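**Student:** Below: sequence and its predicted model.
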Amino acid sequence: MDINSSNIEAIVRQVLSDMKGTQAPAGTAGGSIPSSARVAMLTGLERFELKEYPMPPVGDDDILVKVEGCGVCGTDAHEFKRDPFGLIPVALGHEGTGEIVKMGKNVKKDSAGKPLAVGDKVVTCMIFKDNPDITMFDLNKQNVGGADVYGLLPDDDVHLNGWFSDYILVRGGSTVFNVSDLDLDSRILIEPCAVLIHAVERAKTTGILRFNSRVVVQGCGPIGLICIAILRTMGIENIVAVDGEAKRLEFAKLMGADHVVNFKDHNGIEALTSAVENAFGGYLADFAFQCTGSPIAHSNIYKFIRNGGGLCELGFFINGGDATINPHFDICAKEITTVGSWVYTLRDYATTFDFLKRAKAIGLPIEKLITHKYPLEEINEALKTNLKMEGLKIAIVNK
Ligand SMILES: [Zn+2]
């Protein structure tokens, strides 16, 4: 048999087109989609139930995604415990990722213009509303705070609205990104990492954060740890991490902090400030990231910053109460430039994909941030583990 390169190409093309099922009108994966899907529905406080719903029809602009995994967010934990948004019954899970198994005929590209096909791995960001400030991908105008996202939607008759499920129906008008070039752990970490990409972009607007800056990161939960990793990928190496837990501080070193300070070892703000100063070899920080939700931590952080330095406050994702500062000593006399940061923009989402690749390339063990993985059936345990503040990132991973 005479197999030359041109007929091999033809065979490969034929096999690929069979695999993608391009002959089928809606681009199905071909026969492998079950007739129903399980969704973890939060039906009461601290109670998820696995509900089975018929697989919905996939419209011309829709994408059916088989869920591979989804991170548990602090927001999920709040909703699980108290239902502050009044969403129950609700399909939660907004840090998810999975594989396209079927898509409508109008779906050709993702929100960044990358082609989409059955078999591609995707994540979603916000669902477009009528607000032009948050629908423009190219304009970095407004963060997505207040926009709709899958995993925080009211229940409807589709039900497949959250990533804690077997399948999710991504409807037309949603932002979706092709992230086939990232592994599953990286894809699960995209959403929390985007929060930090945004914070660092906000910090850069002060003009103070530079290549050789001394940076203090206060709080070494997932947010602070990712912050350290991002600073490292930007070439910032003088990083001091502050936290009260030795285990988290060890992790901060893995993520790229070269010195750590345990605030429990130092009595009072003056002693703590000296410890931070000593960690920088006798200097205060040029820039600080405040990554805890503690009002006292906010009050303290100004002391760590030099005259003319900068601060990015991003720890108060929800209302954590009032903090006391002395405007004269803390802000005016030192001429500190402060920025606040909350969630992210669409542009930050796309930047995050590059950050994750770069972090791997320089050997940062980003995937170790996922300390616990649970199957969908154990979602109640997963949320309870999160509430106990055990581990770092908890994830649901489907088989
Ligand atoms: Zn989240």
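**Tutor:** It's in. Numbers count the residues shown, from 1 in each chain.

**Student:** Every contact and neighbour count from this point should use C-alpha atoms.
**Tutor:** Will do.

**Student:** how much space between residue 186 and residue 371?
**Tutor:** 13 Å (C-alpha to C-alpha, to the nearest Å).

**Student:** So between the two, which is more surrounded?
**Tutor:** residue 186 (21 against 12; other C-alpha atoms under 10 Å).

**Student:** part of a helix, is that one?
**Tutor:** Yes: membership of residue 186 in a helix is supported by DSSP: H, G, I helix; E, B strand; the rest coil.

**Student:** quick one: it from residue 82, how far?
**Tutor:** The spacing between residue 186 and residue 82, counted by C-alpha to C-alpha, is 29 Å.

**Student:** Neighbours of the residue nearest to residue 84 when sequence neighbours are not counted, how many?
**Tutor:** Once flanking residues are discounted, residue 84 sits nearest to residue 78: 7.0 Å by C-alpha to C-alpha, 6 or more residues apart in numbering. Residue 78: 16 surrounding residues under other C-alpha under 10 Å.

**Student:** So which elements touch the helix or strand where residue 78 lies?
**Tutor:** Assigned by DSSP states H and E, residue 78 falls within helix 74-82. Applying 3 or more C-alpha pairs under 8 Å, 6 or more residues apart in numbering; DSSP states H and E, one finds that helix 74-82 contacts helix 379-387.

**Student:** C-terminal to the helix it packs on, which secondary structure element comes first?
**Tutor:** Next element after helix 379-387 (DSSP H and E): strand 393-397.

**Student:** what are the pairing partners of that following strand, and which direction each?
**Tutor:** Strand 393-397 has the following strand partners under DSSP bridges: strand 63-72 (antiparallel), strand 370-374 (parallel).

**Student:** Of these, which stretch is the most buried?
**Tutor:** Using mean count of other C-alpha atoms under 10 Å, the stretch among these with the greatest mean number of neighbours is strand 63-72 (a mean of 26).

**Student:** follow-up on the earlier one: the residue nearest to residue 84 is in contact with residue 85, isn't it?
**Tutor:** No: using C-alpha atoms under 8 Å, residue 78 makes no contact with residue 85, being 9.2 Å away.

**Student:** So which residues of this structure form helices?
**Tutor:** Taking DSSP state H, the helices of the chain run over residues 5-20, 74-82, 132-135, 184-188, 190-204, 222-233, 246-255, 269-279, 295-301, 346-361, 379-387.

**Student:** Save these as TSV, and put in mean pLDDT and distance to residue 212 too.
**Tutor:** Below are these laid out as TSV (pLDDT from 0 to 100; distance: least, C-alpha to C-alpha, whole Å):
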stretch	mean pLDDT	distance to residue 212
helix 5-20	48	49
helix 74-82	93	33
helix 132-135	51	34
helix 184-188	97	28
helix 190-204	95	13
helix 222-233	97	11
helix 246-255	96	18
helix 269-279	98	15
helix 295-301	97	20
helix 346-361	93	19
helix 379-387	96	36
